[in-house]
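A.B. asks: could you work out the structure for the sequence below:
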Amino acid sequence: MSTSDMPQQSKKAPHSRKYIQITLEVVFMVAILAGLLYYIGTTVPSDFKPGEMTILRGVDYIYTAILTVKIEFLLLAFLMYFGINVLFAVRLRRVLSKNGVKTSFGKTLLAQYAGMLTSDVTPGRSGYILTPVYLRDQGVPASKGLSSILGIQTFEFLIKVAGGIGAVILLVTTVPASTWSTIFPTQLLGVNIGLIIAVLGISLMMVGAVILAAFTWSKRAISIFDKIANSRYLKRFTGGIMGKLEEYKESSSSTSKAIPEILGLTVSCWILKGFEWWFLGYALGISQLTWTWWIAFFLIHPLVTALAFIPITPAGIGVQEFGIVGILGLLGVAAPIAGVFALLARGLLIFEDLAGVPQIVKSTSLIFTHKKPNETPLPPPMPPLSP
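C.D. replies: Here you go, the predicted structure:
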């Protein structure tokens, strides 16, 4: 083998590993979803299409249940998710404005949908970090877009951790121990496996929040990352990013000024998410329009969302659905209808996030044509306000 062949092989190796990783993730996703359909098929009423293959019974039950959905309440769930994305866009614009960047609401909303759609198909929902790319056509500097997204996600994680802890307290204090043993019969070191999964999910969110917070606001953490990224072995891959590290530090400082707005808008989105699941549950006939059910959905959503960050399938597909089935089972919801709820909740998000496809196509074309849009000029400093 000649030395001229070696660079080509070194370039092919990372691509091969990437393809293998994606293939494994898809295989895991299909296997978990097949297991979910099989589980639904084994728990449907005995008089529902007896003799049919178990997985097909699960598919038929889901199809039949969807046909009975109360459309008006399904539309209300869609409306709540639209409201969430509107508030996400407002939140992002407010944070960017603290960094001196003016953006269009309509274009930012499309970028938000594009980021959500990317997160719907990437492990650990990591694709949302590409949202700054989708802001490129508005001239948003990469450093300011990245610091804004990371700052927002830090508080997103922290609030979900608080909600997850609240959900665990609710479930432990209201659900009988016998029900826990029925839904999650396995124990590990004397602790119910369902509770262990819940704690692991919350811990995962907490770790993510701490890492993002350190990278966003700790100059020491950024400096450590800078040294690692500029090491001899990594510099060739990260030089383009680290070239804007100083800009990123300045943007992070400006982002911190938007903390009150980030918190307020994030909590508002969480409230709307409670309504979204509340309406979806009523549309399927698994809950009543009572505040008790709304509080339940308000709290359990952050808990099961943590499962979407387990990076073994794209956006935790299958893993999160099993988590929803288990938690709703603790609240007395039958497994088949809980499975329908989980799959419909996922489908609702992906269907509405398709609004981001045009922005993804547009941003991709900008990248491949190497077109550089004009960056938004920074406004002149404002004079101090009189007291």
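
A.B. asks: next, the buried residues of stretch 111-118.
C.D. replies: Residues of stretch 111-118 classed as buried by neighbour count (16 or more other CB atoms under 10 Å): 111, 112, 113, 114, 115, 116, 117, 118. Quick note: C-beta positions are derived from backbone N, CA and C, even for glycine.

A.B. asks: which one of these is nearest to residue 37?
C.D. replies: Residue 37 lies nearest to residue 117 out of the buried residues of stretch 111-118, by CB to CB, at 24.4 Å.

A.B. asks: how near is the closest one to residue 355?
C.D. replies: Look at residue 117 and residue 355: by CB to CB, to the nearest Å, they are 8 Å apart.

A.B. asks: what about stretch 354-373, average pLDDT?
C.D. replies: Averaged across stretch 354-373, the pLDDT comes to 77.

A.B. asks: now stretch 274-288
C.D. replies: Per-residue pLDDT over stretch 274-288 has a mean of 92.

A.B. asks: show me where the stretch 51-200 of the chain has strands.
C.D. replies: With DSSP state E, counting those that start in this stretch, the ranges of strands along the stretch 51-200 of the chain come out as 187-188, 191-192.

A.B. asks: residue ranges for the helices of the stretch 201-350 of the chain, please.
C.D. replies: In the stretch 201-350 of the chain, the helices defined using DSSP state H, counting those that start in this stretch lie at 219-229, 235-242, 245-255, 259-283, 291-305, 319-330, 335-353.

A.B. asks: so which bits of the last one are buried?
C.D. replies: Same thing as helix 335-353. Using 16+ other CB under 10 Å as the test for burial, helix 335-353 gives 335-346, 348-349, 352-353.

A.B. asks: rank the strands of the stretch 51-200 of the chain by pLDDT, which is bottom?
C.D. replies: strand 187-188 (a mean of 63).

A.B. asks: burial check on residue 305, number of neighbours?
C.D. replies: Using other CB atoms under 10 Å, residue 305 has 22 other residues around it.

A.B. asks: correct me if wrong: it contacts residue 161.
C.D. replies: No - taking CB atoms under 8 Å as the definition, residue 305 is not a contact partner of residue 161, at 10.6 Å.

A.B. asks: which helix or strand in the protein has the lowest average pLDDT?
C.D. replies: Among the helical and strand segments of the chain, the one scoring lowest on mean pLDDT, DSSP states H and E is helix 235-242, with a mean of 45.

A.B. asks: now the end-to-end length of stretch 121-141.
C.D. replies: Stretch 121-141 stretches 25 Å from its first residue to its last (CA to CA, to the nearest Å).

A.B. asks: same question, stretch 127-139
C.D. replies: 20 Å.

A.B. asks: ok, the spatially most central residue of the chain - contacts?
C.D. replies: Among the residues of the chain, the one closest to the centroid is residue 125, at 4.8 Å (CA atoms, centre = their mean). Residue 125 makes contacts with 119, 308, 309, 315, 316, as judged by CB atoms under 8 Å, 6 or more residues apart in numbering.

A.B. asks: on that earlier part again, so which of the buried residues of stretch 111-118 sit within helices?
C.D. replies: Counted as lying in helices by DSSP state H, out of the buried residues of stretch 111-118, are 111, 112, 113, 114, 115, 116, 117, 118.
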